[in-house]
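Novice: I would like the atomic coordinates for the input below:
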Amino acid sequence: MSNVMNLAIQITAIDMLSGIASRVKNSILSLGAAGQKVKNDFEQMQNSITKGLKAIAVSSYAMHKALPGVKAASDLQP
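Specialist: Sure, this is the predicted structure:
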C-alpha cells in the first residue's frame, strides 16, 4: 500500500475517533452545570489529541518519503 494511502487511512481513522468523542461530549452535556466545565476540558483534550495524531500521521508519511534518500546517502559514506 502506498504511503499516501496509509496517510489517508490514518487521517480517516482519526476523524472517525473524533466523531465518537463528539458523541461522548454530548452525553457529558446532559449532566447539567458541572457538565459544562467537563465539556470545555473534554473539548480541549479532544482537540489536542486530534492535532497530535494527525501530526504523527503526517510525520510518518514524511519519514517514509525521506527514508530512501537517507539510505542512498548512507551508502555513499566510506
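Novice: which strands or helices does the longest helix along the chain pack on?
Specialist: With secondary structure taken from DSSP state H, the chain has its longest helix at helix 33-76. Secondary-structure packing of helix 33-76 (3 or more CB pairs under 8 Å, 6 or more residues apart in numbering; DSSP states H and E): helix 3-29. Backbone N, C-alpha and C define where each C-beta goes, glycine included.
Novice: quick one: distance of the helix it packs on to the chain centre.
Specialist: 8 Å (CA atoms, centre = their mean, to the nearest Å).
Novice: next, the angle helix 3-29 makes with the longest helix of the chain.
Specialist: On the basis of axes from the mean of the first three to the mean of the last three CA atoms, to 10 degrees, helix 33-76 is oriented at 160 degrees to helix 3-29.
Novice: low-confidence ranges in this protein?
Specialist: Residues of the chain meeting the criterion pLDDT under 70: 1, 28-29, 31.
Novice: now with 80?
Specialist: 1-8, 11-12, 14-39, 42, 78 (pLDDT under 80).
Novice: contacting residues around the most centrally placed residue in it?
Specialist: Centroid-nearest residue in the chain: L53, 2.0 Å away (criterion: CA atoms, centre = their mean). By CB atoms under 8 Å, 6 or more residues apart in numbering, the residues touching L53 are Q10, I14, L17.
Novice: buried only: go through the residues you listed for me.
Specialist: Among those, those classed as buried by 16 or more other CB atoms under 10 Å are Q10, I14.
Novice: include distance to S59 when you put the contacts of L53 into CSV, please.
Specialist: Listed next are the contacts of L53 as CSV, based on distance: CB to CB, whole Å:
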residue, distance to S59
Q10, 11
I14, 13
L17, 18
